[in-house]
Structures are given as C-alpha cells and as structure tokens.
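Trainee: here is my input, please return the structure:
(2 chains)
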Amino acid sequence: MSLVLYNTLSRSKQLFTPIDPQRITMYVCGPTVYNRVHIGNARPAVVFDTLFRLLQSLYPNVQYARNITDIDDKIMNRAAELDEDISALSERYAQAYFEDMAALNNLEPSIVPYATQHIPEMINMVKRLVDKGHAYVAEGNVLFAVQSMPDYGVLSGRSLDDMLAGARVEVASYKQYAGDFVLWKPSADHEPGWDSPWGRGRPGWHLECSAMIEKHLGETIDIHGGGQDLIFPHHENEIAQSCCAHDGKPFTNYWLHNGFINVEGEKMSKSLGNFRMVNDLLDQYPGEVLRYVLLSAHYRSEQQFSKDLLDSAWRSLDTLYGFLRGQSPCNAVINRDSAGFKALLDDLNSPVAISELYRLAKQMHAASGEAKDALQAELMGLAGLMGLLHQDPEHWFTLARGDSDISVEDIERLIAKRKQAKLDKDYAGADQVRQDLLDLGVVLEDSREGTSWRRG
RNA sequence: GGCGCGGUAGCAAAGUGGUAAUGCAGUGGACUGCAACUCCGCCAUCGUCGGUUCGAUUCCGACCCGCGCCUCCA
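Mentor: Residues are numbered from 1 along each chain as shown, chains lettered A, B, ... in the order given. Modelled structure (predicted):
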C-alpha cells in the first residue's frame, strides 16, 4: 500500500513520503473570483478532491487548503465594468464557486483562505524578503530579485536567460532585472489598498499563496497542486518567495499539475469564445456526469471535452446505476488489495479505477447473498474514493434530461394504462403507450416484478 | 528562439518488450408478446520510416502532425 505521485519537480513518479504521517498538508490554487468558473477550472478541483479522498483513506489527518483570490486587477476591472463594489462582487462569485464545486460533489477543503484576510501575513513576508536581500523597493513597488536566488527556475526547468529570450511583455523600467516580479504594488486612491511600509498598496499575484501556505500549513508542505499553466511563473515564484523567506528551507515536496481541456477539438479560450461554464453545463447535466467525464481521463493528460462525451458519460453512469437499482444501501468498504484502489495509488489512475467499477458492478450483478453484498460494499468504497455513485439509484433515473418535462404522476398513470392493455392482450395499445413515453424521454423496463422506468 | 507534452478502434481513454483494459456507439445471438434492461459473442496491430532485440505499440533515432508554457490564464 504505497502512494506514487508524478512530481513535476523531478519529472518522474515518486513514492509519496509524507513529512509527518500524522498531518498531511496539501495546497491547491483556487479561483480568482471575478466570474463564474469554466470546466477547465473544475478539473483541478475534482482531481485534487479525489486525491484528498484518497489521502484521507491512507492517513488520519489531511489538511487540504484551497484559496480564494479575492483581490486582483481582474476583479477590479470587472467590478468597474459592472459598477459593483469589489468585495461584494468577489464574495458573490466566491459563493457561486462553492455552489459549482458542491454540485460536482467535491468535499469542502479543510481550509479555504481568502487573500484579503491575510494582508498582514503578506506584508510580513515581503518585509523579510527585503531584509534578507531578496527584494527591493522601486517607485512604490516591491520587487523580488530573481538573481538573488541561484535555484530560480528549478520547477519549470528554465534558465533566466532562456526566459528572457522569449519574453513577450514589455519590461517595466524600474526593474533591476527583467525577470523580477512584483510582491507589492502601489494603489491609486480609487483602487483598493492597504497601508504598508512601502505606502498604500496591494499584493502581487504570487504572494498570497506563499503567505497563506506558511500560515495555515507550514514552511514546508507535502503536496502543491494546480493547472499546468501555473508552473511558470506562478509556482516558480511561490517557490522563490517561500524558500527565500525561509532561508532556503524546501517549500513543497511534491508538485502536481493537471493538464488542460480541449472543447470540441480546440483549446478553450476567451478569443475562441468556447468557454464551457460549469453552471451552464449543470443546467443540462447532473454534476456527477461532469465529474465522471473529468475523471475518465488521467489528470495529467490533455482531455477532450464535448457534448457527445457528456451524453455518453451520462449513459455510462446509467449502466452503473442500473446495476445498483434494487440493491439496498450499504456501508462502503475500501478493499486495499483491489485493482481499483491500486490504480488510484498509482498516480491517481482514475480511468483504470473507473473500469474496475464496471468489473465490480458486473460481478456483483452475477453474485448472490453475502458475496453480492460484499461486492456492493467494495464497489461503493471505490466509487466513494472518486466521489461517484453517491446518489440514490432510483432518484438518478428520475433526473430530467433534455426538454422532457412529463411528471412522475403522468408517467405512472400511463404505465398503469399500459399494464391494463397488456392484460387485455392489447399489445398494439400497450406498445403505443410505451412509444408515447419514449417520445417524452421515458424508457420502460419490464421485469418479473413489474415495470420500472427511467428518463434516458 | 528556449522549455515541455502528445499522436492507440466511430467517439473517449488505459496499458505493456512477447501480438492491446474499460465505457459509449455499432453489430450477431439469448431473453422478451415485441422492446428495454441484462447475458453470451464480434468489432484496433497502437502517426511514418529506420535501429536495437529471438520478439516493439511499448526502448533508441529521424521525420510528419497536433498542442502547451515563456511573467493574464485550470
């Protein structure tokens, strides 16, 4: 029973060895709350939620922090656009984010720190960096001097010169070195700001994570996750800030990064206008369908996303819930020797774990008595680690699909009518009722016990 | 220019030095009054060209194609 994780730092899979098995620490970069989130934002949340569940099955205490960035130029711009108060806007979207994440059956992280509630900690960290000679003040800005850190670039595998060679952003004149980044920047009177030793201002983009990790999780943490695009500069800069503030002490032992999502074969981007917002998708699909899709590919792979995929994922879940239909609820049991559990231990191989769900479900279906109950418990244990199959099966099949809006009462009334037609040997009439229901998105299934139905 | 990733059946997606999981779709059969569900079966030689090897989809090299990052970005 050993967890193996792919560490971006070493570019290889490594056996996970916690700093303290009694307290696992994991941090994942959360959203900047200036808008609703899209499916790409949901991927790390689902992936690392699954890792959180897995870690909780292995260790007694897992501290998982996922932040809310509620101060940022994007938020300020958006607030100006909408003529809305900045804090009201960020709180509104933070709540929307929590709703979306809950709909995807993500557990609440142990800690949800807000950037604006950690300004003193951030200022304190900047002070230390200035005192230690890793940062300097220029025109009201405090900048991190990347040349003061020999290891800068270790995560992304770039040298300073390489980075500057391809830089496509104009270098601010006050920077001592083009690669230096902002820790603290001045705020104009109309902009939000906090008093600091360098005047009224606000934190730079990278600072908050370092400060909040230090406060809530410690100077060195086990796992840090996020999207691949955050490797540089965000995570590189977090390393620089934290290591230099802590006199070179390691910051994160295992860096995990999830891949991107393509929509209908193209990158999801603002310019293509093909963002898939989570709440829009939730209008048409159960959150579990989105979650199933997100876990059907390995987290480090680029993933294809399309309407067809959502539809087929829904049918895939129908198959699993179909096996569970008629089974009494049971207590989930995690079988630590099972292929599914081992797959998850192997760098979170959720596609293989999902395939094991089918194997277990079919085995359960074929079994009886205690063996059947045991298989059901194992199935639910594995599904639970991935946050799947948590709904009542009967309820699952009543979930509205597409534009079908026939009521449960009407469905049952028609089923009764068909039953009578069958008793009268009026098969044409019975078939007509069944076809009418099918046209309304309701599928009938006859069995010895009678007729059951599902929307599909 | 620098760094990195990927190309597996209609779609999606694992995986392995010894002829390729799983799901959806399709298809043949059983079951059924007919269906649906379920069950049994079928459905790929892994981008191209070389090399290493008894043997490569899996290792190495070249090439083609697609993609990401290089201080907004999951």
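
Trainee: please enumerate the strands of the stretch 101-250 of chain A.
Mentor: For the stretch 101-250 of chain A, the strands defined by DSSP state E, counting those that start in this stretch occupy A:135-138, A:141-144, A:181-186, A:201-203, A:221-227.

Trainee: ok, the stretch 251-400 of chain A next?
Mentor: Using DSSP E, counting those that start in this stretch, strands in the stretch 251-400 of chain A cover A:252-258, A:261-263, A:266-267, A:303-305.

Trainee: so which of these is the most surrounded?
Mentor: Highest mean neighbour count among the strands of the stretch 251-400 of chain A (mean count of other Cβ atoms under 10 Å): strand A:252-258, with a mean of 23. Where C-beta positions appear, they are placed from N, C-alpha and C, glycine not excepted.

Trainee: quick one: mean pLDDT over that strand.
Mentor: Strand A:252-258 shows an average pLDDT of 96 in the prediction.

Trainee: can you tell me what sits against that strand?
Mentor: A:5-9, A:14, A:16-17, A:19, A:27, A:43-44, A:47-48, A:51, A:155, A:220-228, A:230-231, A:235, A:239, A:299-300 (Cβ atoms under 8 Å, 6 or more residues apart in numbering).

Trainee: how far off centre is it?
Mentor: When distances are taken as Cα atoms, centre = their mean, to the nearest Å, strand A:252-258 is centred 15 Å away from the chain's centroid.

Trainee: do that strand and RNA strand B come into contact?
Mentor: Yes: under the criterion of Cβ under 7 Å from any atom of the strand, RNA strand B is reached by strand A:252-258 at A:Asn258.

Trainee: equivalent analysis for stretch A:217-225, please.
Mentor: No: Stretch A:217-225 stays out of contact with RNA strand B when judged by Cβ under 7 Å from any atom of the strand, the minimum separation being 8.3 Å.

Trainee: over to stretch A:385-399?
Mentor: No: using Cβ under 7 Å from any atom of the strand, stretch A:385-399 never reaches RNA strand B; the gap is at least 10.6 Å.

Trainee: where does the nearest residue to A:Val278 once chain neighbours are set aside land in three-state SS?
Mentor: Of all residues not flanking A:Val278 in the chain, A:Asp100 sits nearest, at 4.3 Å (Cβ to Cβ, 6 or more residues apart in numbering). Three-state call for A:Asp100 (DSSP: H, G, I helix; E, B strand; the rest coil): helix.

Trainee: tally of neighbours for A:Asp100?
Mentor: A total of 25 residues lie near A:Asp100 under the criterion other Cβ atoms under 10 Å.

Trainee: contact partners for it?
Mentor: Contacts of A:Asp100 (Cβ under 8 Å, 6+ apart): A:Arg36, A:Val37, A:Ala42, A:Val278, A:Asn279, A:Leu282.

Trainee: distance of the last one from RNA strand B?
Mentor: Counting by Cβ to the nearest atom of the strand, to the nearest Å, the gap between A:Leu282 and RNA strand B amounts to 18 Å.

Trainee: just the CA trace of stretch A:359-374, in PDB.
Mentor: Provided in PDB are the C-alpha atoms of stretch A:359-374 (Å, rounded to 0.1, in the frame of the first residue of the first chain):
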ATOM      1  CA  ARG A 359     -15.900  -5.100 -13.300                       C
ATOM      2  CA  LEU A 360     -17.200  -4.900  -9.700                       C
ATOM      3  CA  ALA A 361     -20.700  -4.000 -10.700                       C
ATOM      4  CA  LYS A 362     -21.000  -6.900 -13.200                       C
ATOM      5  CA  GLN A 363     -19.500  -9.300 -10.600                       C
ATOM      6  CA  MET A 364     -22.000  -8.000  -8.100                       C
ATOM      7  CA  HIS A 365     -24.800  -8.400 -10.500                       C
ATOM      8  CA  ALA A 366     -23.900 -12.100 -11.100                       C
ATOM      9  CA  ALA A 367     -23.400 -12.900  -7.400                       C
ATOM     10  CA  SER A 368     -25.900 -13.500  -4.700                       C
ATOM     11  CA  GLY A 369     -26.200 -13.500  -0.900                       C
ATOM     12  CA  GLU A 370     -23.200 -12.400   1.200                       C
ATOM     13  CA  ALA A 371     -20.900 -12.400  -1.800                       C
ATOM     14  CA  LYS A 372     -23.100  -9.900  -3.500                       C
ATOM     15  CA  ASP A 373     -23.300  -7.600  -0.500                       C
ATOM     16  CA  ALA A 374     -19.500  -7.700  -0.200                       C
END
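
Trainee: list the buried residues of it.
Mentor: Neighbour counts using 16 or more other Cβ atoms under 10 Å place A:Leu360, A:Ala361, A:Gln363, A:Met364, A:Lys372, A:Asp373 of stretch A:359-374 among the buried residues.

Trainee: can you lay out the strands of the stretch 251-400 of chain A as a markdown table showing distance to A:Phe397?
Mentor: Formatted as a markdown table, these follow (distance: least, Cβ to Cβ, whole Å):
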| stretch | distance to A:Phe397 |
| --- | --- |
| strand A:252-258 | 32 |
| strand A:261-263 | 28 |
| strand A:266-267 | 34 |
| strand A:303-305 | 25 |
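
Trainee: what separation is there between A:Gly157 and A:Phe232?
Mentor: 9 Å (Cβ to Cβ, to the nearest Å).

Trainee: cool, and A:Gln432?
Mentor: Distance, A:Gln432 to A:Phe232, by Cβ to Cβ: 64 Å.

Trainee: my read is that A:Gly429 contacts A:Lys419, right?
Mentor: No: using Cβ atoms under 8 Å, A:Gly429 is not in contact with A:Lys419; the gap is 11.1 Å.

Trainee: where does pLDDT dip in the stretch 1-150 of chain A?
Mentor: Applying pLDDT under 70 to the stretch 1-150 of chain A flags the ranges A:1.

Trainee: for RNA strand B, what's the nearest residue on it?
Mentor: The nearest approach of the stretch 1-150 of chain A to RNA strand B comes at A:Gly40, 2.6 Å away (Cβ to the nearest atom of the strand).

Trainee: for the closest residue to A:Pro250 other than its chain neighbours, report the pLDDT, please.
Mentor: Leaving aside its sequence neighbours, A:Pro250 sits nearest to A:Thr220 (Cβ to Cβ, 6+ apart; 5.0 Å). At A:Thr220, the predicted lDDT confidence score is 97.

Trainee: about what we covered before: now the buried members of the contacts of strand A:252-258.
Mentor: Taking 16+ other Cβ under 10 Å as the criterion, what is buried in those is A:5-9, A:16, A:27, A:43-44, A:47-48, A:51, A:155, A:220-227, A:230-231, A:235, A:239, A:299-300.
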